[in-house]
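> Sequence isn't available, so here's the structure alone:
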């Protein structure tokens with residue numbers, strides 16, 4: 001294990017102060033239209049899957065390069081820290097951190113657990129070629145900046161490969177076996193698995209999972225015609241959810257399981273499901289499928305990312321599907337109002353990108369989107385639209401004073417946001433439906449470690465909560481706290497740091 005740069009909270013705060021002093025003369029100009037801003041160059045050989053952690057940092061997998069050009073995972077990870085104003089585009093990198101020896105999957109299941117740790121499980125193309133699937137897993141602890149445990153696989157699973165994951169409303173993680181109809185529930189306390197998911201109509205291969213406001217999990221089938229399914233965590237069973245208007249899969253001219261694009265829950269309770277062909281479909285809040293907008297001929301998402309923007313639009317990266325898995329890429333917003341397709345500016349590397357190399361994660365600073373593509377160029381999409389005030393979290397109970405080194409509780413509503421945020425499918429998950437806590441003190445902003453938080457999406461008026469830690473050397477005096485979920489910040493409440 002190499003030195004854990006950047007996760008020591010004392011070092012991090014000191015680094016923030018130094019950086020702020022260097023930035024005093026820099027004026028950042030805004031723009032009315034959506035645009036891209038380059039983040040600091042990735043310090044490794046190429047940036048892969050990115051996962052927001054409950055300390056406000058983004059954990060980013062290192063690749064040797066884009067997968068379309070033969071890139072593979074190295075087993076090293078880095079973290080992107082925001083600057084003292086909460087910006088990731090002007091943040092700084094820490095790391096590297098190593099997964100357990102011999103565990104370096106290119107595609108895998110992942111999730112942020114309610115206890116604050118990040119689970120990485122299974123994997124396709126484990127390490128350098130000739131690579132094979134793996135059933136291994138690991139836990140990353142953001143507070144220490146290290147992969148602390150090697151996780152055993154569910155009993156009887158010969159391989160996991162790329163696999164869907166979801167955190168259920170009861171706080172438990174569900175994992176899907178890529179190549180069968182099996183699912184399993186992870187016990188984070190004992191690091192063990194139990195079977196679930198009776199009645200799945202087809203294997204999980206190439207399918208992603210979307211958590212709905214009613215607590216059920218939506219899956220668009222890839223090997224069962226146009227059918228979709230719902231998982232009910234209270235019964236542990238699947239049921240059919242109706243046919244999509246058009247088949248969304250694509251075999252890409254090969255004898256393979258059909259590829260599929262991402263599916264994203266929106267603030268109105270609908271899901272936009274994106275095809276690996278030119279089609280999209282809309283699953284309404286009432287559970288009815290209808291046609292969505294079509295992409296231009298020859299473009300779709302045969303694996304690829306999408307992310308929810310603050311105004312409810314969905315940013316999506318599409319690329320050639322004739323042939324599949326090839327550049328160039330184009331970028332669109334699927335609008336919440338009218339379900340129309342709006343072409344938007346692309347990042348500089350779009351001519352060289354295939355959608356399956358792209359990854360997106362929703363950042364906590366106003367819903368900016370971090371984008372990686374297997375190269376060292378990491379970009380931030382800055383959207384033009386804004387959220388409705390009713391979509392934001394709201395703090396209803398908080399401590400009047402807090403002390404360095406202490407752990408405290410915040411209560412309120414919608415701490416988990418109205419969506420999982422970003423989606424890809426079975427190859428990568430970067431959900432952000434968990435609360436971050438931001439403290440503003442002395443002109444600086446910091447994200448405080450959160451844990452033991454409520455789970456779910458679009459929880460409405462239900463009272464939810466999170467615990468947070470106040471590190472040492474944060475400073476003392478008057479401060480404000482906010483909860484941030486999927487980039488949307490709550491009301492600011494006043495506290496005194498003693």
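It's in. This structure is a prediction, so every number in the text was calculated from the model and none was measured.

> rest of the way, CA atoms for contacts and neighbours
OK.

> who's in contact with residue 245?
Neighbouring residues of residue 245 by C-alpha atoms under 8 Å, 6 or more residues apart in numbering: 226, 281, 289, 290, 291.

> if I pick residue 432, what's in contact with it?
Going by C-alpha under 8 Å, 6+ apart, residue 432 touches 52, 361, 362, 416, 420, 421, 422, 485, 486.

> Validate this expectation: it resides in a helix.
No: under DSSP: H, G, I helix; E, B strand; the rest coil, residue 432 falls outside any helix and is assigned coil.

> Residue 233 - how many residues pack around it?
Residues lying near residue 233 (other C-alpha atoms under 10 Å) number 18.

> My read is that it contacts residue 216, right?
Yes: using C-alpha atoms under 8 Å, residue 233 makes contact with residue 216 at a distance of 6.7 Å.

> which residue sits closest to residue 395, ignoring its sequence neighbours?
residue 412 (4.3 Å; C-alpha to C-alpha, 6 or more residues apart in numbering).

> ditto for residue 294
residue 279 (4.8 Å).

> list the contacts for the residue nearest the centre of the chain?
The residue lying closest to the centre of the chain (C-alpha atoms, centre = their mean) is residue 430, at 1.7 Å. Applying C-alpha under 8 Å, 6+ apart, we find residue 430 in contact with 49, 50, 51, 52, 110, 111, 360, 361, 421, 422, 423.

> what residues are up against residue 39?
Here residue 39 is in contact with 88, 89, 90, 91, 377, 378, 379, 380 (C-alpha under 8 Å, 6+ apart).

> Same list, the residues you listed, but as TSV with distance to residue 334, secondary structure and neighbour count please.
Below are these laid out as TSV (distance: C-alpha to C-alpha, whole Å; DSSP: H, G, I helix; E, B strand; the rest coil; neighbours: other C-alpha atoms under 10 Å):
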residue	distance to residue 334	secondary structure	neighbour count
88	25	coil	28
89	24	coil	23
90	28	coil	19
91	29	coil	18
377	25	coil	19
378	23	coil	22
379	20	strand	23
380	18	strand	23
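
> can you put those in CSV and add pLDDT and distance to residue 73?
Converted to CSV, the contacts of residue 39 look like this (pLDDT from 0 to 100; distance: C-alpha to C-alpha, whole Å):
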residue, pLDDT, distance to residue 73
88, 97, 24
89, 96, 24
90, 96, 26
91, 97, 24
377, 98, 17
378, 98, 17
379, 98, 20
380, 98, 22
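
> picking that back up, now the residue nearest to residue 294: phi and psi?
When read as degrees, to the nearest 10, the backbone of residue 279 gives phi -90, psi 150.

> can you pull the contacts of it?
Taking C-alpha under 8 Å, 6+ apart, we find residue 279 in contact with 246, 247, 248, 292, 293, 294, 295, 300.

> try 7 Å
Applying C-alpha atoms under 7 Å, 6 or more residues apart in numbering, we find residue 279 in contact with 248, 293, 294, 295.

> can you pull the pLDDT of it?
Per-residue confidence (pLDDT) for residue 279: 98.

> That one and residue 325: what is the separation?
17 Å (C-alpha to C-alpha, to the nearest Å).

> what's the answer for residue 382, then?
Distance of residue 382 to residue 325, given as C-alpha to C-alpha: 26 Å.

> Then residue 42?
Using C-alpha to C-alpha, residue 42 is found at 23 Å from residue 325.

> residue ranges of the strands in the stretch 151-300 of the chain, please?
With DSSP state E, counting those that start in this stretch, the ranges of strands along the stretch 151-300 of the chain come out as 165-167, 173-176, 183-187, 192-196, 210-211, 217-220, 227-232, 237-243, 263-265, 271-274, 280-283, 289-291, 299-300.

> Parallel or antiparallel, list what pairs with the helix or strand that the last one is followed by.
This means strand 299-300. As assigned by DSSP states H and E, the chain's next helix or strand after strand 299-300 is strand 306-308. Under the criterion DSSP bridges, strand 306-308 sits next to strand 314-320 (antiparallel), strand 422-423 (antiparallel) in its sheet.

> Mean pLDDT added to the ones you listed, as JSON lines?
Listed next are these as JSON lines, based on pLDDT from 0 to 100:
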{"stretch": "strand 314-320", "mean pLDDT": "98"}
{"stretch": "strand 422-423", "mean pLDDT": "98"}
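
> list the contacts for residue 472?
Contact analysis of residue 472 by C-alpha under 7 Å, 6+ apart lists 404, 405.

> Can you tell me the closest non-neighbouring residue to residue 45?
residue 64 (5.2 Å).

> quick one, helices of this protein?
9-23 (DSSP state H).

> Could you tell me the end-to-end distance of stretch 419-426?
From its first residue to its last, stretch 419-426 covers 18 Å (C-alpha to C-alpha).

> One more: stretch 405-418?
Using C-alpha to C-alpha, one end of stretch 405-418 lies 31 Å from the other.

> Stretch 356-367 too?
OK, stretch 356-367 end separation, C-alpha to C-alpha: 22 Å.

> quick one: contacts of it?
By C-alpha under 7 Å, 6+ apart, stretch 356-367 touches 48-51, 66-67, 86-87, 302-307, 309-310, 325, 368-374, 421-422, 430, 432, 484-488.

> Name the nearest residue to residue 105, ignoring sequence neighbours.
Computed as C-alpha to C-alpha, 6+ apart, the closest residue to residue 105 that is not its neighbour in sequence is residue 126, at 4.0 Å.
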